[in-house]
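*Asks:* only geometry, no sequence info:
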């Protein structure tokens, strides 16, 4: 079956919903949003904790509340929504093959917004040493089992990695009567938001072992124990520091990866965020194909993913008038104190402001961020402290950016 | 009284069962695990070796070559992915070239088609990813890759469809001779049978010991591997280093699913169950694999695993009727997978001549399945119209539909665990390792088997994925 739309949005989580609402606001009519699950909201529906909506609605909501508010907003628009529908492939010509219970569709779109979220790094990806028994799960899967299915995957838990989902699961498991023995973080600092460390670990007396990791998993059939070890400054295991801990659940919260499979297969270039390389309008290397949310780069807050979706939605509508024939693609670079930044390029034909988002590589105090265009400092921001777990967003007004720029650099340095 | 009991549902036991199911006879397979192929058959290199490596005149040499030749027909009948992609054994210096000509000689004696290619340019024609430093390579076009999970599962299913029986989760605890046969005991039942086939893999020595045969000792040899995602084009042939005392060495190969394997290591172990991996050995595997290709993209690694080879002193396969009606298969390590079709046939014939069996007239050698990846878009659209389950994609990494999952839950072969479903359909084998689909799979398995969610195991017995309902 064939169908033609102006905008195809892949993914109905925070970013996809933002993209749809942003596109409607900018005047688009024929919008199709598809999601693989049987309801909108993406991962929000399993995040029963609060902390959502502060930026978007100015009040604190749970994940399902945030999702349903956005879904209700969407229901008032002409956006067509397909659930239980999965995009098998997209082409650079913006033809999508979609499988759903209603059939197999070939959808031809003028623009595509790719907002498929992220996936969790797995025990296999980090080559977790030892056996591979039941009871070793990513924190997000455990969250799904507990919050949507109502089951505890273990009673005596240990958590590897201080990512936010792991911290939040430490609290959830404690509230459900499981014993959480501790959280190990290989880095010398926590990788989650400060508020999560305080509210999820400190308030429950759960120890956080910084500069520690799990050196071995025991149990051939089900998880029986782990070895917790100290690591040195380079992250190498310090022999002789092993502590044997009996547990029946090991959760991994060791990072998230943008889910780029279909976009990558279509030939889109991948950037250093491990999501698509985009320009300032969030357009990927495939003209007319945009990306936003966690599939572009992993955000701290769903609110930010939603707001980025809105930007992509507006940019996609702008693009309906015609894909720019010539994209200037001025590269954005950064110094070593920055882990990654988005976007990868600046295209001067886009009329919106340039939003630069990045994370510092290591915690920093008293530092300065400078944005330099062709050797000229166009923005300076002083910071008291910065953490890798907290994304920095800088808005560069369009008027500060000249035409024909060769380079844009973002520098993060200690303040003298 | 039962005619035949097969102990162990690995690739050997299940292919024997399939061959025996062509005769008018009662076959019962006893398996201690909750699925077929959960031992070495499910954790190996997934390669159908050509047979250039085994010492001429050994059972390994003969059965490997005969088994290899049977794969085209067998994989067609059972609908198992198999591709004859050829192998290259690489040499990097003159000494290595010398060794290759010895191997070529061995290949000729074993009846394996082989030739030596000299120089990078000639070798790169067959495999663009070899390193520039390569001097020569032994090319064996008959080497192949197979899906060992499906080979084992489909062989069992085909046997079940033809009247054989399978009891999962039943470990044999004792065997004793009785009038006209044997009594085989498990914690659940006692069976009487005319013929016993010991295909217990790593535990075959212990089964033999139950009948007073203590001349064999399995020495488990662990092999550790990396699995790389199907990230794009990479090696298209099986790449071996020169073989050494330790075995065929660490290889790099594609799999039938488009992934890539790097490994295995080789270390002698005490335990027959410990399939743990360790960082030190995996670093060696990485180093070994890196020698065979210009660039080893280990950042694409999505999983590590280990398997245990059921090796014995002496090194050749033992396949013998040690006592009348008691047949032992001991030390079936590499090239066991490549040899398995021939061993299956051979052992069935040995049992047949003892039991004087007659062939069935209506034996069906085929297993058929709907696999979306093999269908045209038109066929796929038509199928979804008939059954919408085939339109709903559950495993988004491997793009497996609900229809394909439910299909596996309707066959004669039970699918009781998350791991079993993973092996049947590839759900959970992808980059997210089940993060997105596992809960749905768990639900489907529980529903189809009439169980509660907390009663479903991840893989082995007592590996329940969920412990209890929350507050």
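*Replies:* Received the coordinates, thanks. Since this is a predicted model, take the numbers as computed values, not measurements.
*Asks:* can you find the helix or strand of the chain with the lowest average pLDDT?
*Replies:* This is for chain A. When the helices and strands of chain A are scored by mean pLDDT, DSSP states H and E, helix A:194-196 comes last with a mean of 90.
*Asks:* wrong chain, I was asking about chain B
*Replies:* The weakest-scoring helix or strand in chain B, judged by mean pLDDT, DSSP H and E, is strand B:468-469 (a mean of 90).
*Asks:* now find how far off-centre that one is within its chain.
*Replies:* Distance, stretch centre to chain centre, for strand B:468-469: 35 Å (C-alpha atoms, centre = their mean, to the nearest Å).
*Asks:* so what strands line up beside it?
*Replies:* Each strand paired with strand B:468-469, and its direction, by DSSP bridges: strand A:151-152 (antiparallel).
*Asks:* any idea how the chain splits into domains?
*Replies:* Since you didn't name a chain, this refers to chain A. The record, using automatic domain parsing to delimit domains, assigns chain A the ranges A:1-119+A:255-323, A:122-254, A:324-416.
*Asks:* my question was about chain B, not that one.
*Replies:* B:2-41+B:148-217+B:314-355, B:83-144+B:219-311, B:372-455.
*Asks:* redo those as JSON lines? Include mean neighbour count, mean pLDDT and distance to chain A.
*Replies:* The way it works is simple: take the backbone N, C-alpha and C, and place the C-beta from them, glycine included. What follows is the domains of chain B, written out as JSON lines (neighbours: other C-beta atoms under 10 Å in any protein chain shown; pLDDT from 0 to 100; distance: least, C-beta to the nearest C-beta, whole Å):
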{"stretch": "domain B:2-41+B:148-217+B:314-355", "mean neighbour count": "22", "mean pLDDT": "97", "distance to chain A": "10"}
{"stretch": "domain B:83-144+B:219-311", "mean neighbour count": "19", "mean pLDDT": "96", "distance to chain A": "3"}
{"stretch": "domain B:372-455", "mean neighbour count": "20", "mean pLDDT": "97", "distance to chain A": "4"}
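*Asks:* and the contacts of the least confident helix or strand of chain A?
*Replies:* A:51, A:164, A:167, A:168, A:387, A:389 (C-beta atoms under 8 Å, 6 or more residues apart in numbering or on different chains).
*Asks:* next: stretch A:323-330.
*Replies:* Residues outside stretch A:323-330 that contact it (C-beta under 8 Å, 6+ apart): A:279, A:283, A:287-288, A:345-350, A:404-408.
*Asks:* what's the mean pLDDT across that stretch?
*Replies:* Averaging the model's pLDDT scores along stretch A:323-330 yields 82.
*Asks:* any chance you could map the helices in the stretch 151-300 of chain A?
*Replies:* Listed from the start of the chain, the stretch 151-300 of chain A has helices (DSSP state H, counting those that start in this stretch) covering A:164-175, A:194-196, A:261-265.
*Asks:* can you flag the weakest of those helices by average pLDDT?
*Replies:* Sorting these by mean pLDDT places helix A:194-196 lowest, at a mean of 90.
*Asks:* what residues sit buried inside that one?
*Replies:* By neighbour count, and taking 16 or more other C-beta atoms under 10 Å in any protein chain shown as the criterion, the buried residues in helix A:194-196 are residue A:196.
*Asks:* from the chain's centroid, how far away is it?
*Replies:* Going by C-alpha atoms, centre = their mean, the spacing between the C-alpha centre of helix A:194-196 and its chain's C-alpha centre is 17 Å.
*Asks:* same thing with stretch B:305-318?
*Replies:* Between the mean C-alpha point of stretch B:305-318 and the mean C-alpha point of its chain there is a distance of 14 Å (C-alpha atoms, centre = their mean).
*Asks:* stretch A:200-211 too?
*Replies:* The offset between the C-alpha centroid of stretch A:200-211 and the centroid of the whole chain comes to 24 Å, using C-alpha atoms, centre = their mean.
*Asks:* is any part of stretch A:284-301 close to chain B?
*Replies:* No: Stretch A:284-301 stays out of contact with chain B when judged by C-beta under 8 Å from any C-beta of the partner chain, the minimum separation being 12.5 Å.
*Asks:* pLDDT (mean, whole number) over that stretch?
*Replies:* If you average the per-residue pLDDT over stretch A:284-301, you get 97.
*Asks:* ditto for stretch A:99-113
*Replies:* 97.
*Asks:* is chain B contacted by that stretch?
*Replies:* Yes: among the residues of stretch A:99-113, A:99, A:100, A:101, A:102, A:103, A:104 lie within reach of chain B under C-beta under 8 Å from any C-beta.
*Asks:* show me what contacts the residue of the stretch 301-416 of chain A at minimum distance from chain B?
*Replies:* In the stretch 301-416 of chain A, the residue that lies nearest chain B is residue A:340 (15.4 Å; C-beta to the nearest C-beta). Counting by C-beta under 8 Å, 6+ apart, residue A:340 makes contact with A:271, A:272, A:273, A:297, A:334, A:358, A:359.
*Asks:* mind checking pLDDT for it?
*Replies:* 96.
*Asks:* how about the one 5 residues further on?
*Replies:* We have a pLDDT of 96 for residue A:345.
*Asks:* host element of residue 9?
*Replies:* Just going to use chain A. Element membership for residue A:9 (DSSP states H and E) is strand A:2-10.
*Asks:* should've been chain B
*Replies:* Element membership of residue B:9 [criterion: DSSP H and E] is none; it lies in no helix or strand.
*Asks:* and it, what does it touch?
*Replies:* Applying C-beta under 8 Å, 6+ apart, the residues near residue B:9 are B:17, B:29, B:30, B:31, B:33, B:36, B:37, B:152, B:156, B:166, B:168.
*Asks:* if anything else comes up later, I'll come back, but that's it for now.
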